[in-house]
Structures are given as structure tokens and as C-alpha cells.
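> Here is the input, now give the coordinates:
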Amino acid sequence: AGACGLCRLAPFGVALTENFGGQPALGVFGALRLLTLPLPLALATPPTETKDAAPADQQSFKTALAEAFGHRSYVLLVLGFFTCGFQLAFITIHLPAYLADRGIPATTGGWVVAAIGLFNIVGSLSVGWLQNYFPKRYLLSVIYFSRALATVAFISFPVTPFSAIAFGAVSGLLWLSSVPPTSALVALMFGTRWFSTLYGFAFVSHQVGGFLGVWLGGVVFEQYGSYTPIWWLSVLFGVLSALINLPIVEAPVARPVAQPA
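Below is the predicted model of the structure:
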């Protein structure tokens, strides 16, 4: 659903900006955002009773965090997700400027982001299906390594509207396809009691990566007049994440079994 929005609204945003300016475009998107505020109310559910739950389901917040961050596989998963945020945010924010710097029209940048959204649907659903048949850590490794290869290919040849949209399509296939195996591994290792919290901490790593991708992209461009160092840093992070996901153990965390009195 998010990819559908990206696919439709990216060209719309470019058209608004070109015809009316950046601030009116932001105002329109802000108004659209306000329309979504009542929607979460439909998800409201009554609190569940936990007094008769299994011991594992009564685990405290502090214990759950200590268990997760003391688990090597979870830490590796969180570190790998940092790269996902770095690459996605850098491409989303700086790719249109990178294309404009090479004489590619701004409208093409909008269509590249739209291609990312369209192919993201295919990639995410496909990986969600594939993880039922292949180890999730291998899928994550392939995703991160493929991103690195796609970036190397994109920056190694002259940039044209066709190559930009092709890069958007390939990036879309790999865009949020890392989310199904990442979330599934969290649930597999720790169960669902604190799933939202533990996946949330993994997503914090993702967003820290996103912040650095956007910020460093601007800093490096201001300093050197080129995005090339950040492209290669993105490649390096992709290779490192491909490697650190390989040792992940796909099994529930070992917990002591309560003994009867």
C-alpha cells in the first residue's frame, strides 16, 4: 500500500512543485496527511488479559530488551537494517538532484521514484513468498549485495533517462524487500509478545541510517561538489550488510523452562 502511494504521488509531487512551487506542494501533501488521521481508530482493540498467559508471554519490557540485545543474531540483524535505511533515504532525497546535476529533467526524477514504488510491490511480495522456501538470512544477504551491484552499475555508466528509470526499477525490487525477512526473523527468534517493540528498535537502526544517508549526502555534495563518495559508501555498506547477515541463526532464542515446585 505504501508503494502504491509512492508510485502515484511522486510524479504528482514533482508536477505540483514545478507548477506551483515547493511550499504549496508541501501544503497539499500536509492536507492529504491530515485526512489519514482518523484511520488508525479502526485498529483500536480492547486490552488483552495476561494473568493466565504462558511465562514467556509475561516477559517484562526490560527483560525482553536485555534478551534481544544480548542475542548475537538480533544485533547482526539490527546492524544490517542500518544499511537499508541509509540507502533508501539517500536515494529518495538525493537521486533527483543527482539526475538534475547530470542534465536529466526533474520529471524523470519523479518517474524514477514512481518506478521504485511500482517495483517495490513486486519485490516485497516476492520476497515475502520466497522466505517460506529459503533461509531468510540468505535472502537478506542477496538483497543487500544486489543493491551494491546495482549501484556500481548505475554510477559506472553515463546517466540517461532510461538508465535512471531502469535503476529505479531494480532498486524498487530490492527496496523494502528486506522488511519481510527482517520482521519474520524477529518474530521467529523472540515470539510475538514484544515483537512490535523489538522490530521497532531494529527500525530505529534503519532510521539512523536514513538520517546519515540524507545528511552525509548533503555534506559531501557541499564539500566536493559530487555524490560519488556517498554512492561508494552505500556500496560498501551493502557488501558489509550482505556479510553480517550470513551468521544469523534462524531459531527461537533459548529460554529456561520453568520447573514445577
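
> For the rest of this, base every contact and every neighbour count on C-alpha atoms.
OK.

> May I ask which helix or strand encompasses the closest residue to Gly191 other than its chain neighbours?
Leaving aside its sequence neighbours, Gly191 sits nearest to Pro252 (Cα to Cα, 6 or more residues apart in numbering; 7.6 Å). Per DSSP states H and E, Pro252 falls between elements, in no helix or strand.

> how about Pro252, what does it touch?
188-191 (Cα atoms under 8 Å, 6 or more residues apart in numbering).

> helix or strand right after the lowest-mean-pLDDT helix or strand in the chain?
Every helix and strand of the chain was ranked by mean pLDDT, DSSP states H and E. The lowest is helix 2-20, at a mean of 80. Using DSSP H and E, the helix or strand that follows helix 2-20 in sequence is helix 22-35.

> Show me what the helix or strand that that next one is followed by is in contact with.
Counting by DSSP H and E, the element after helix 22-35 in chain order, helix or strand, is helix 61-69. With contacts defined as Cα under 8 Å, 6+ apart, helix 61-69 is touched by 74-75, 190, 194, 198.

> Include pLDDT and neighbour count when you put those into CSV, please.
Converted to CSV, the contacts of helix 61-69 look like this (pLDDT from 0 to 100; neighbours: other Cα atoms under 10 Å):
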residue, pLDDT, neighbour count
Tyr74, 95, 25
Val75, 95, 17
Phe190, 92, 21
Trp194, 90, 19
Leu198, 94, 23
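
> Kindly indicate which of the residues you listed lies nearest Leu6.
For the contacts of helix 61-69, the minimum distance to Leu6 (Cα to Cα) is 26.6 Å, reached by Leu198.

> thought that closest one was touching Val186?
Yes - between Leu198 and Val186 there is a contact under Cα atoms under 8 Å: 7.1 Å.

> where do the helices sit along the stretch 101-250 of the chain?
Here the stretch 101-250 of the chain has its helices, by DSSP state H, counting those that start in this stretch, at 106-130, 136-156, 161-173, 179-190, 195-224, 228-244.

> could you dump those helices to TSV with distance to Phe12?
Below are the helices of the stretch 101-250 of the chain laid out as TSV (distance: least, Cα to Cα, whole Å):
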stretch	distance to Phe12
helix 106-130	8
helix 136-156	25
helix 161-173	17
helix 179-190	26
helix 195-224	22
helix 228-244	27
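
> of all the ones you listed, which lies closest to Pro38?
Nearest of the helices of the stretch 101-250 of the chain (Cα to Cα): helix 195-224, 21.4 Å.
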